[in-house]
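[1] Sharing a sequence plus its predicted fold:
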Amino acid sequence: MTDAVLRVSFAGPLVTYQDAGRVGQMRFGVPASGPMDRLSHAAANTALGNAPDCTAVEISVGGLSLECISGALSLGVAGGHFKVNRAEEGIGAWSVFALQKGDKLTIRAGSKGSWAYLAFAGTVNAPKWLDHTATHSASGFGGGALLAGSTIRVSDTNIREERHGDIERPSFLPPKDRVRVVRGPQDRFFTDTLIETFFSAQYTLTGSFDRMGVRLSGPKLEVGGALSIPSEPITRGSVQVAGNGIPTVLLADHQTTGGYPKIATVISDDIDNVSQMRANDRLSFVEISPQDAVQEIRKSATDRALYLAKIAEPKGTLGQRLMQENLISGAIANDTTP
C-alpha cells in the first residue's frame, strides 16, 4: 500500500467531499448533508470494494479535472450520464479503473444528470466536522469544496484490478418524471382546487437549483393564511410553498426548520431522481398514501441491498477473467489426406 496525491486543475461550483451524511444531528440544527444521489454514491464506493458510506467527491455539472502527481490507485465513478476521460481515453460513466502517476482525469457533464461521484481505493484525507466529511455547502463545514490548485491526498491506496470494468447500473429505479409524494403535512392551507392543480399540473425545474433545493416553475399555489405558522422540523423532499405561491423541493442541504407550509413530501425512493434532474426538466407529482409509501420504501430497500451486494463481487483479475472465457470456439485437425 502507498499514498497518492491528485492535483485539481479545474473544479466547477459545488464540487465537494461527501460521505453518507451527518445523520442524527438535526435536533441540534445541523443538516445531514451527504450525497445528492445516495444510491450512486454508494454504488461508486461498493463496486470499488469500499464501504458504501466512504468519502467520495461529488461532482456537479461544472465538472472536475485532476492529475495524479504521485502514487497510483483505483477509482470508481457513478452517477449521471457524465463524460469521463482518462489520459485522453473515454471510459464509462459507471466504471472502476486505475489512475497512474502522470495520468489526467476529466469528468464533465454529459447528456443527463446533475451529479457524479468519484470514489477512491484508499483513505481520503479530508477534514471532518462532527466526525463526518460530508460538506454543508452554505457553511463549508465538513470536507469542503475542491478548488483549482488544491490537492486530494489518499493514503493506503490500492490497485484493485479484480474490480476494474463497467459497473452495472440499477434497473429498479422509478421513472424520473413522475415523482411520488405523500400529501401534507400542511395541505389544509390549500384549497381543494389548488391541491388538484398541484397533482394534475406539470412543473419545470428552474435554474434556482443548488444543494439546498430546487425551485419549480408552474401553476402558483396561493397560500391561505399559513405564512405565520410556527417554524417546525422539515426533511429532505419537503415541497414547501412561499408567499409568492412558488413550490420548492428541499434537497440534501435543506434547513432543519421552516415556517412555510409544505403541501407534500417526496418519498425517499424518488428524491435521488429529482436531485439528478436538470434545469428545464419537467416532472409531475403523483399522490400515494403513507401506507403505500412505507411499502414502496421497504421494497426499494431490499432491491438496493441486493443490487449493492451484486456489484460488490469482484470481477477477477484480467488473467482470471481470460481463464473463464472460452477463447477457442473450435479446432481443425491437421489432416492432409486428399
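    Looks like it arrived, so ask away. None of these values were measured; they are calculated from a predicted model. Numbering: from 1, shown residues only.
[2] For the rest of this, base every contact and every neighbour count on C-alpha atoms.
    Noted.
[3] which of the residues in stretch 49-67 are buried?
    Across stretch 49-67, burial judged by 16 or more other Cα atoms under 10 Å covers 49-50, 52-67.
[4] From these, which land in helices?
    If you go by DSSP state H, the buried residues of stretch 49-67 have nothing in helices.
[5] Inside strands: which ones of those residues?
    Filtering the buried residues of stretch 49-67 for membership in strands, criterion DSSP state E, returns 56-59, 64-67.
[6] Looking at the residues you listed, which is nearest F209?
    I59 (14.7 Å; Cα to Cα).
[7] correct me, but the closest one touches V15?
    Yes: counting by Cα atoms under 8 Å, I59 touches V15, with 4.7 Å between them.
[8] Give the bridge partners for the residue lying closest to V239 once chain neighbours are set aside, please.
    Distances taken as Cα to Cα, 6 or more residues apart in numbering put V249 closest to V239, at 4.5 Å, once the chain neighbours are dropped. With DSSP bridges as the criterion, V249 is bridged to V214, V239.
[9] ok, so what distance separates F120 from G165?
    According to Cα to Cα, to the nearest Å, F120 and G165 sit 15 Å apart.
[10] what do you get for S40?
    16 Å.
[11] Tell me where the stretch 1-150 of the chain has strands.
    For the stretch 1-150 of the chain, the strands defined by DSSP state E, counting those that start in this stretch cover 2-11, 16-18, 56-59, 64-70, 73-86, 89-91, 95-99, 104-120, 123-124.
[12] Determine the set of other helices and strands touching the last one.
    If you count contacts as 3 or more Cα pairs under 8 Å, 6 or more residues apart in numbering; DSSP states H and E, strand 123-124 packs onto strand 151-157.
[13] any idea of the angle the strand it packs on forms with strand 2-11?
    150 degrees (axes from the mean of the first three to the mean of the last three Cα atoms, to 10 degrees).
[14] re the thing from before, could you check which of F120 and G165 has the larger neighbour count?
    F120 (26 against 17; other Cα atoms under 10 Å).
[15] Please look at the more buried one and S74 and confirm they touch.
    Yes: using Cα under 8 Å, F120 is in contact with S74, at 6.4 Å.
[16] okay, and the common contacts of these two?
    The contact sets of F120 and S74 overlap at 48, 157 (Cα atoms under 8 Å, 6 or more residues apart in numbering).
[17] avg pLDDT for stretch 14-22?
    Stretch 14-22 shows an average pLDDT of 97 in the prediction.
[18] got the CA positions of that stretch in PDB?
    Taking Å, rounded to 0.1, in the frame of the first residue of the first chain, the C-alpha atoms of stretch 14-22 are listed here in PDB:
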ATOM      1  CA  LEU A  14     -20.400  22.600  -5.700                       C
ATOM      2  CA  VAL A  15     -17.700  20.000  -6.200                       C
ATOM      3  CA  THR A  16     -17.300  18.700  -2.600                       C
ATOM      4  CA  TYR A  17     -16.300  15.900  -0.400                       C
ATOM      5  CA  GLN A  18     -19.300  13.800   0.700                       C
ATOM      6  CA  ASP A  19     -19.600  10.800   2.900                       C
ATOM      7  CA  ALA A  20     -23.100   9.200   3.500                       C
ATOM      8  CA  GLY A  21     -24.200  12.200   5.700                       C
ATOM      9  CA  ARG A  22     -24.200  13.500   9.200                       C
END
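[19] center of this protein - which residue?
    The geometric centre of the chain, computed from its C-alpha atoms, lies nearest to D37 (Cα atoms, centre = their mean), at 2.2 Å.
[20] quick one on the thing from earlier: take the strands of the stretch 1-150 of the chain and lay them out in JSON lines including distance to G259.
    JSON lines is the format used below for those (distance: least, Cα to Cα, whole Å):
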{"stretch": "strand 2-11", "distance to G259": "35"}
{"stretch": "strand 16-18", "distance to G259": "28"}
{"stretch": "strand 56-59", "distance to G259": "30"}
{"stretch": "strand 64-70", "distance to G259": "37"}
{"stretch": "strand 73-86", "distance to G259": "33"}
{"stretch": "strand 89-91", "distance to G259": "46"}
{"stretch": "strand 95-99", "distance to G259": "43"}
{"stretch": "strand 104-120", "distance to G259": "29"}
{"stretch": "strand 123-124", "distance to G259": "38"}
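[21] Tell me which of these sits nearest to A138.
    Taking Cα to Cα as the criterion, strand 16-18 is the member of the strands of the stretch 1-150 of the chain that comes nearest to A138, at 11.7 Å.
[22] so what secondary structure elements neighbour that closest one?
    Right, strand 16-18 is packed against strand 56-59 by 3+ Cα pairs under 8 Å, 6+ apart.
[23] Show me what the strand it packs on is packed against.
    With contacts taken as 3+ Cα pairs under 8 Å, 6+ apart, strand 56-59 sits against strand 16-18, strand 104-120.
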